[in-house]
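# just a sequence and a predicted model for now, questions to come.
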Amino acid sequence: MSNRPLVIWWIRRDLRLADNPALTAALANGAAVLPVYILDAQDEALGAAPKFRLGLGLEHFGRELAKAGSRLILRRGNALDQLRQLVSETGAGAVYWSRLYDPAAIKRDAEVKRQLKEQGTEARSFGGRLLFEPWTVETKAGGMFKVFTPFWKSVRTRAVDGLLPAPAVLPAPQSWPAGDDLAAWQMSAAMRRGADVVARHCRVGEAAAQDRLDTFLDKAVAAYKDRRDFPGEDATSGLSENLAWGEISPHRMWHLGRTAMERSSQGAETFLKEVTWREFAYHLMYHSPQILTQNWRPEWEVFPWHEAETPDLQGWQRGQTGYDFIDAAMRELFVTGKMHNRARMIAASFLTKHLMMHWKLGMEWFSETLVDWDPASNAMGWQWVAGSGPDAAPFFRIFNPSGQLEKFDPSGLYTRRWIAEGQGRPPQTALDFFEAAPLSWNLAPEMPRAAPMIPLQAGRERALTAYHELRQNR
């Protein structure tokens, strides 16, 4: 047992032992390590699905720490207050953590670091959530990137930190401070009856994430570029939920993806671009945090999107638009907590263009229902589709959900998987939607399919008229 004061490892969205610079540094200190998770106001405010998935991740990670001879200490309340209390209780000499990059986390962490240092406690933050710290990537003129392609060209040949081994054992403190019982936090409460359904589709933990990556690179990456847009196929990595909660590092995805690319594996470069697309989202959020709450392009503040709760919004949320691609996507989301990326684009386009609903309403629904919710990716994705963000798809690019279905689900695999109505023997996945949906929605698989809520051509023309008026008034 070391005589050095122990190090508090303040865990956030980094529920892994490997490739964790903060943990590696804590171990290098030579002292005992105290793993701590603090449920503070920012976590309390999480939507139903991400909070539920966080709870699953914490439960699993606690078991993994136990295997390494350690424990996960849970505390609830103000992060600074809880860390100060733990320092006082344990005599800890340092607090280490992995950085987060949303504005609320930056403000909180800066204050924590300042206050801890003032009281004589070492406080250090580390990378690990991103391949490249946002302040290290600049245009030739010295500013932020606003377009993805030059961002990609700037970073694709940059050195990326190597992989770090997972410790077999974590040195334990001589005595353990008290911690909360995870069950008392009721992380799944807001999910109500949907929790058990969604849980069946989650693959939780570091080992599951690494297995997912290995399987994808062995079996699917070769066809990734050509097949990733087909939602009925198992053609993507499925790693979004693990990446969101730090159960796998982007570094592992990058290095193993590059190895696959060097083996001439078709599709690996496209996979690396998707990893970098997430980096771009964080780059934008860090340099222009208003992307989380307002139109990134100010001229869109006067665009006549509807911002009130309406029957159309409810129909979209409940998978009752009458258009198979949209309804399958929204039901997949409610059953699994995830949605295929092509389906996300189609569903978002329909809401913001055909229905003329504000992208914030869609973003808020996703923040309630996605187990892979990520603040940067969610905001950028919605503004990209809506046309109001940086490097956005042009507003006049209005996806036709029926045409997209013919192109990307020609055999109907995706729609049959998620839409029960009209099928003599619907699969369990389609029936699960009615098991997960709130009783107040009054839905049943025996009901007839919803009629289309708006003619596609009429919705398209209305959106284009509003867009042309915006351009004329600029």
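Okay, I see it. Numbering: from 1, shown residues only.

# so what's Tyr414 closest to, chain neighbours aside?
In space, Tyr414 comes closest to Gly232 once its chain neighbours are excluded; the distance is 3.9 Å by Cβ to Cβ, 6 or more residues apart in numbering. In this view, the C-beta of every residue, glycine as well, is placed from N, C-alpha and C.

# how about the residue lying closest to Pro5 once chain neighbours are set aside, what does it touch?
Excluding its sequence neighbours, the residue lying closest to Pro5 (Cβ to Cβ, 6+ apart) is Gly93, at 3.0 Å. By Cβ atoms under 8 Å, 6 or more residues apart in numbering, the contact list for Gly93 reads 4-7, 31, 121-122.

# now those as a markdown table including neighbour count, pLDDT and distance to Gln457?
Shown next, in a markdown table, are the contacts of Gly93 (neighbours: other Cβ atoms under 10 Å; pLDDT from 0 to 100; distance: Cβ to Cβ, whole Å):
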| residue | neighbour count | pLDDT | distance to Gln457 |
| --- | --- | --- | --- |
| Arg4 | 12 | 80 | 71 |
| Pro5 | 17 | 87 | 70 |
| Leu6 | 23 | 95 | 66 |
| Val7 | 28 | 97 | 63 |
| Ala31 | 20 | 92 | 68 |
| Thr121 | 18 | 97 | 64 |
| Glu122 | 15 | 97 | 64 |
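
# ok, those residues vs Gly403, which is closest?
Checking these against Gly403 by Cβ to Cβ gives Val7 as the nearest, at 56.6 Å.

# state the distance from the closest one to Gly424.
61 Å (Cβ to Cβ, to the nearest Å).

# cool, Lys107 as well?
As for Lys107, its distance to Gly424 is 56 Å (criterion: Cβ to Cβ).

# comparing those two, which shows the higher neighbour count?
Each of Lys107 and Gly424 has its neighbours counted (other Cβ atoms under 10 Å); Lys107 has more, 10 against 4.

# all helices for the stretch 1-150 of the chain, in order.
Using DSSP state H, counting those that start in this stretch, the helices of the stretch 1-150 of the chain run over 21-28, 41-44, 48-67, 79-90, 103-118, 148-155.

# got those helices as CSV, with mean pLDDT columns?
Listed next are the helices of the stretch 1-150 of the chain as CSV, based on pLDDT from 0 to 100:
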stretch, mean pLDDT
helix 21-28, 97
helix 41-44, 96
helix 48-67, 98
helix 79-90, 98
helix 103-118, 98
helix 148-155, 96
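
# looking at these, which is nearest to Pro452?
helix 48-67 (27.8 Å).

# what are the contacting residues of the closest one?
Under Cβ under 8 Å, 6+ apart, the answer for helix 48-67 is 11, 15-17, 35, 37, 43, 46, 71-72, 74, 170, 182, 185, 187-188, 190-191, 195, 198-199, 202, 204-206, 241, 244-245, 247, 337, 367-373.

# of the residues you listed, which belong to strands?
Among the contacts of helix 48-67, the ones falling in strands (DSSP state E) are 11, 35, 37, 74.

# hey, what's the first one bridged with?
Meaning Ile11. Tyr37 (DSSP bridges).

# so it sits against Val33, correct?
No - contact status for Ile11 versus Val33: not in contact, 10.8 Å apart, counting by Cβ atoms under 8 Å.

# export the least confident helix or strand in the chain by mean pLDDT as CSV, just CAs?
Least confident helix or strand, the chain: helix 456-472 with a mean of 92, by mean pLDDT, DSSP states H and E. Below are the C-alpha coordinates for helix 456-472, written out as CSV (Å, rounded to 0.1, in the frame of the first residue of the first chain):
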residue,chain,number,x,y,z
LEU,A,456,-45.8,15.1,-49.9
GLN,A,457,-46.0,17.5,-52.8
ALA,A,458,-48.0,20.0,-50.8
GLY,A,459,-45.6,19.9,-47.9
ARG,A,460,-42.6,20.3,-50.2
GLU,A,461,-44.1,23.3,-52.0
ARG,A,462,-45.0,25.0,-48.7
ALA,A,463,-41.5,24.6,-47.4
LEU,A,464,-39.9,25.9,-50.6
THR,A,465,-42.2,28.9,-50.7
ALA,A,466,-41.1,29.8,-47.1
TYR,A,467,-37.5,29.3,-48.1
HIS,A,468,-37.6,31.5,-51.1
GLU,A,469,-39.3,34.2,-49.1
LEU,A,470,-36.5,34.0,-46.5
ARG,A,471,-33.9,34.5,-49.3
GLN,A,472,-35.8,37.4,-50.8
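
# could you redo the contacts of Gly93 as TSV and give each row distance to Ala260?
Formatted as TSV, those follow (distance: Cβ to Cβ, whole Å):
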residue	distance to Ala260
Arg4	42
Pro5	44
Leu6	40
Val7	36
Ala31	39
Thr121	43
Glu122	40
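
# which one of those residues is nearest Pro448?
Distance to Pro448, by Cβ to Cβ, is smallest for Val7 among these, at 61.4 Å.

# show me the contacts for that closest one.
Per Cβ under 8 Å, 6+ apart, neighbours of Val7: 26, 29, 31-34, 92-96.

# quick one: which of these is most hemmed in?
In terms of neighbours by other Cβ under 10 Å, the contacts of Val7 top out with Ala26 at 29 neighbours.

# please name the residues that touch that one.
7, 9, 33, 94, 96.

# test my guess that the last one contacts Leu6.
Okay, so that is Tyr96. No - applying Cβ under 8 Å, one finds Tyr96 not in contact with Leu6, separated by 11.0 Å.

# and the residue nearest to Gly267 when sequence neighbours are not counted, which of the three is it?
Leaving out its chain neighbours, the residue that sits closest to Gly267 by Cβ to Cβ, 6+ apart is Tyr224, at 3.2 Å. Three-state assignment for Tyr224 (DSSP: H, G, I helix; E, B strand; the rest coil): helix.

# how close does Ser154 sit to Phe145?
7 Å.

# Tyr224 now?
24 Å.

# also Asp196?
43 Å.

# with neighbour numbers in mind, choose between the two.
With neighbours defined as other Cβ under 10 Å, Asp196 and Phe145 compare such that Phe145 has more, 21 against 12.

# phi, psi for the more buried one please.
With angles defined as degrees, to the nearest 10, Phe145 sits at phi -80, psi 140.

# test my guess that it contacts Phe151.
Yes - using Cβ under 8 Å, Phe145 is in contact with Phe151, at 4.0 Å.

# anything in contact with each of those two?
Residues touching both Phe145 and Phe151 by Cβ under 8 Å, 6+ apart: 137, 280, 283.

# of these, closest to Ala430?
Minimum distance to Ala430 across these is 35.2 Å, recorded for Phe280 (Cβ to Cβ).
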